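Undergrad: Just to be clear, the model below is a prediction. Sequence and coordinates:
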Amino acid sequence: MRTPASPTGLLAVLAAPFLCAAPVTAQQFQQATNFPGTALWSEGLEACDVDRDGDLDLFVADGGNFNAAGVARQNLLWINQTIQGVPFGLVDESVARLGVHTSHAKGVTTGDIDGNGWDDALFVNAFFTSPPNLYVNRGAAQPGVFDFVGPARGLTTSMSSGAGMFADLDDDGDLDLVLDDRYNSATAAPARLYLNDGAGFFTEQPTLLNAPSRSLQMDVQLADVDGDWDFDVLLINKGGGTAGQVLLRNDGAANFTDASALLAAGNGSVYEAEVGDLDGDLDLDLFFTSLSGFAEGVVRNNLAQNGALSFASQPTFGADDDNEIALFDYDLDGDYDVFVGSLRNGSEKLYRNNGGLSFTDQSAQVQNTADSTLDLTLADLDNDGRYDLVTVQGESGSFVNKFLKNTGPADTLPPVFTATQAPTNPPATGPWVVRAKVRDQVLDDGVDYVSGSASYVVLAATLEAALAVQPGGAFSSASLAVGAGARLTFTNASGTGVSLACQTAPYAFASTLPDGGTFEVVLVEPGAYTFQNQTNATSTTVTVSGATTAGAWRKAGPQIQRYTLSDTLAGAGVRVAYELRARDWPGNLRAVTGWFDLTPTSTGSAYCAGDGSAAACPCGNSGAAGRGCASSVNANGARLAATGAASLSADTLVLSGSGMPNSSALYFQGTVRTNGGLGSAFGDGLRCAGGSVVRLGTKSNVAGASGYPAAGDPGVATRGLVGAPGTRTYQVWYRNAAAFCTADTFNLSNGLEVAWGA
């Protein structure tokens, strides 16, 4: 049995050197009701909308006893009746939805393990009496009804687990699993890693995790502590010190390296830690119970300051035997405050974050409930936009689990995108994955209630537009029309610094520009966007038209979202413009946009200079001095390339011209290389594609580029009358912006030879 709560704990809190005593105010968290049903020792709690009816249901793990197995209890699922008109009205539907399954459960975690969009659940069990209990949601067929599938899905080993968590550890798009395995046991063993095959079947991978053996294992946290976009593993062990806490760094493919020596934190009474940015520098800090003795506190991550991963324990506060941590911005000031589930006879603890790793004791905001809390979470159980406090009890007292209603202001803060990651050197053929780091008001054991969505455009030719802030502060145009996926460049030509911002929710485009500075943003979703020069209160409206495609969203794990964008042009795109969205439980929405240019997979062989290098032909491409010059827009000549399949049946070939003036461009097909591939003089350039010539189509160049076919055009094979497999030649004719060396006013790209197959 753990040491009883210290009666001097509150005095120790108030005496801590960097905590400020706060005046007593009306309690923000007030007891609303108790759980219905029989009061039992409960040690695990997680909120999840299992039936997707719009309210949060509750899983509860009734494990019983701390040092040895007691009575095995039914795994619990309480269904919320808020949508049915009964706020805080929970109905025990455990057997109806989970079946009759008892265990010595110490924790519960949720996640969509099979990618069908419905959350599944895992109860972790102690004392080597049974394997973990895994439940798969039947989804749309029977929302919130589960099949018991653990042994069939690879979880066959009886162990003694206190915690587990899902996350995509090998970056393959599905949720893997880490479990600890020596809950309050004096014997030592390593934690366990299970990789998911994508369909929700798990295979243990002990050599990949490379975890050292530890006794007295209590908690698992998965988070990107070293900032490299993969999930590292933090294992919390009651053994404490450098011999207790474990940090395993991920290489991105679920190959882990033991970095525990970096983490000299926690002593022999640690039951829980939480991982989140507590000082606003965007790296992830740690908050421990019993960081020193029974005192809790922060372990600062120095990655942002030093550029290398290291940790520093901060001054501690409190002196009580506490069990649980949850991060929650209760005062809506944009940073994480800290809730502590307390075993002492008093209220739970609440520390308000003042910034700079300074905290104020605000425990008086929580009604004194005089119980022994083993777990707590924050969940908006009555759908009023406020996250309520839920606690479960054990070890001493009456074991009555409770709801404490949040009477403070409703959450109006949208989630924050702290970083996005687009693919580097992406191939022309998708799908492509974009990831985002997102934080919101709540973070408890990886749960934040943030969902996501995405839309995107795969462009056959880049779309560019520009606006300038002129002297006096007005924009160069009061309105502008662009296509979906256009990249918009703002230039400050006002002669002084300006502050630009988008006034259209849910977008947060903003930049402070010095004179001569530029700011780029891509606009994806159709609609009207208002941008304001906040320095002079002038504005411009940009109207976006066109169509977008919905991307696929999946939570990769704590605070990292994964968005998959399929290839809509079959390898013929040159740029992908995307919009990512994150929505929290109260419905607050944030959107960010971005783009990445594709690395084309070239089809065909280029030949013949066309309007080639000015160095080879200083004035004209025909070799006759004085005939014509490459335009100033096109000093190195226009270029024609192709992507996609040169297949008559697929007909996915796309021709892309670039390096031209912003004029009309005619794409045409020939059957032979003109003059054996040397070309013949034509206008200011060389005609390279000859024989039987077919016009494909005329396009308007934007930023010197265009492509054929575009949306609505017939394919090259269809329009070009290719007819049968064989070689065809292609070229682009375009008008010069002006006449140069002669009166000729048109020019051509290089030639491109393509071998067509069936």
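TA: Okay, I see it.
Undergrad: what bits of this structure have low per-residue confidence?
TA: For the chain, residues meeting the criterion pLDDT under 70 lie at 1-25, 240-243, 265-267, 344-346, 611-637, 737-744.
Undergrad: Find the centremost residue of it, please.
TA: Nearest to the mean C-alpha position of the chain, by Cα atoms, centre = their mean, lies residue 561 at 2.3 Å.
Undergrad: Flag every buried residue along the helix or strand hosting that one.
TA: Using DSSP states H and E, residue 561 sits in strand 560-565. Residues of strand 560-565 classed as buried by neighbour count (16 or more other Cβ atoms under 10 Å): 560, 561, 562, 563, 565. In this view, the C-beta of every residue, glycine as well, is placed from N, C-alpha and C.
Undergrad: my guess is the residue nearest to the centre of the chain meets residue 436, correct?
TA: Yes - in this structure residue 561 lies within contact range of residue 436 using Cβ atoms under 8 Å: 4.8 Å.
Undergrad: Kindly tell me how buried residue 324 is, as a neighbour count.
TA: By other Cβ atoms under 10 Å, the residues close to residue 324 number 26.
Undergrad: and it, what are its bridge partners?
TA: Taking DSSP bridges, one finds residue 341 as the beta-bridge partners of residue 324.
Undergrad: roughly how far out does the strand holding residue 561 sit from the chain middle?
TA: The chain centre lies 6 Å from the centre of strand 560-565; the measure is Cα atoms, centre = their mean, to the nearest Å.
Undergrad: What of stretch 462-471?
TA: Centroid displacement of stretch 462-471 relative to its chain, using Cα atoms, centre = their mean, is 30 Å.
Undergrad: All further residue positions should be reported with the first residue as 11.
TA: Sure, I'll start counting at 11 from here, so that last one is stretch 472-481.
Undergrad: what distance separates the start and the end of it?
TA: By Cα to Cα, to the nearest Å, the extent of stretch 472-481 from end to end equals 30 Å.
Undergrad: Now do that stretch: everything it contacts.
TA: Contacts to stretch 472-481, defined as Cβ atoms under 8 Å, 6 or more residues apart in numbering, come from residues 485-487, 490, 492-493, 495-505, 508, 510, 523, 541, 543, 548, 550, 552, 584-585, 607, 712-713, 715.
Undergrad: among the residues you listed, which are in strands?
TA: Counting by DSSP state E, the part of the contacts of stretch 472-481 found in strands is 490, 492-493, 496-502, 508, 510, 523, 541, 543, 548, 550, 552, 585, 607.
Undergrad: out of these, which are buried?
TA: By 16+ other Cβ under 10 Å, those give 490, 492-493, 496-498, 500-502, 508, 510, 523, 541, 543, 548, 550, 552, 585 as buried.
Undergrad: who does the closest residue to residue 140 other than its chain neighbours bridge with?
TA: For residue 140, ignoring the flanking residues on the chain, the nearest one in space by Cβ to Cβ, 6 or more residues apart in numbering is residue 113 at 5.2 Å. Counting by DSSP bridges, residue 113 is bridged to residue 83.
Undergrad: With residue 475 instead?
TA: According to DSSP bridges, beta-bridge pairing links residue 475 with residue 498.
Undergrad: so who does residue 53 touch?
TA: So residue 53 contacts 71, 72, 73, 115, 116, 117, 384, 385, 402, 404 (Cβ under 8 Å, 6+ apart).
Undergrad: and these as a markdown table, adding secondary structure, distance to residue 559 and neighbour count?
TA: Shown next, in a markdown table, are the contacts of residue 53 (DSSP: H, G, I helix; E, B strand; the rest coil; distance: Cβ to Cβ, whole Å; neighbours: other Cβ atoms under 10 Å):
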| residue | secondary structure | distance to residue 559 | neighbour count |
| --- | --- | --- | --- |
| 71 | strand | 41 | 29 |
| 72 | coil | 46 | 29 |
| 73 | coil | 47 | 29 |
| 115 | strand | 43 | 30 |
| 116 | strand | 44 | 28 |
| 117 | strand | 39 | 30 |
| 384 | strand | 47 | 27 |
| 385 | strand | 42 | 27 |
| 402 | strand | 44 | 28 |
| 404 | coil | 50 | 24 |
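Undergrad: Closest one of those to residue 194?
TA: The nearest member of the contacts of residue 53 to residue 194, counting by Cβ to Cβ, is residue 116 at 9.0 Å.
Undergrad: Does that closest one touch residue 51 like I think?
TA: No - using Cβ under 8 Å, residue 116 is not in contact with residue 51; the gap is 10.3 Å.
Undergrad: Need the overlap of contacts for the two.
TA: Common neighbours of residue 116 and residue 51, counting by Cβ under 8 Å, 6+ apart, are residue 73.
Undergrad: Which parts of the protein are helices?
TA: When assigned using DSSP state H, the helices of the chain occupy the ranges 19-25, 104-108, 216-219, 313-316, 726-729.
Undergrad: Return the most buried member of those.
TA: Neighbour counts (mean count of other Cβ atoms under 10 Å) averaged over each of those peak at helix 726-729, with a mean of 20.
Undergrad: and it, what does it pack onto?
TA: For helix 726-729, the contact count by 3 or more Cβ pairs under 8 Å, 6 or more residues apart in numbering; DSSP states H and E identifies strand 704-710 as packing neighbours.
Undergrad: Direction included, what does the strand it packs on pair up with?
TA: strand 674-680 (antiparallel).
Undergrad: Centre of the chain to the partner strand, how far?
TA: How far strand 674-680 lies from its chain's middle: 43 Å, per Cα atoms, centre = their mean.
Undergrad: same deal with stretch 500-508?
TA: Distance, stretch centre to chain centre, for stretch 500-508: 33 Å (Cα atoms, centre = their mean).
Undergrad: Check stretch 590-599 too.
TA: Per Cα atoms, centre = their mean, the displacement of stretch 590-599 from the mean C-alpha position of its chain is 13 Å.
Undergrad: Would you mind writing the CA trace of it as CSV?
TA: Written as CSV, here are the backbone C-alpha positions of stretch 590-599 (Å, rounded to 0.1, in the frame of the first residue of the first chain):
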residue,chain,number,x,y,z
LEU,A,590,-5.3,21.0,-43.6
ARG,A,591,-8.0,21.5,-41.0
ALA,A,592,-8.2,20.6,-37.3
ARG,A,593,-11.4,20.7,-35.3
ASP,A,594,-11.8,20.3,-31.5
TRP,A,595,-14.7,18.8,-29.6
PRO,A,596,-16.6,22.1,-29.1
GLY,A,597,-16.3,22.7,-32.8
ASN,A,598,-13.6,25.3,-33.0
LEU,A,599,-11.8,25.1,-36.4
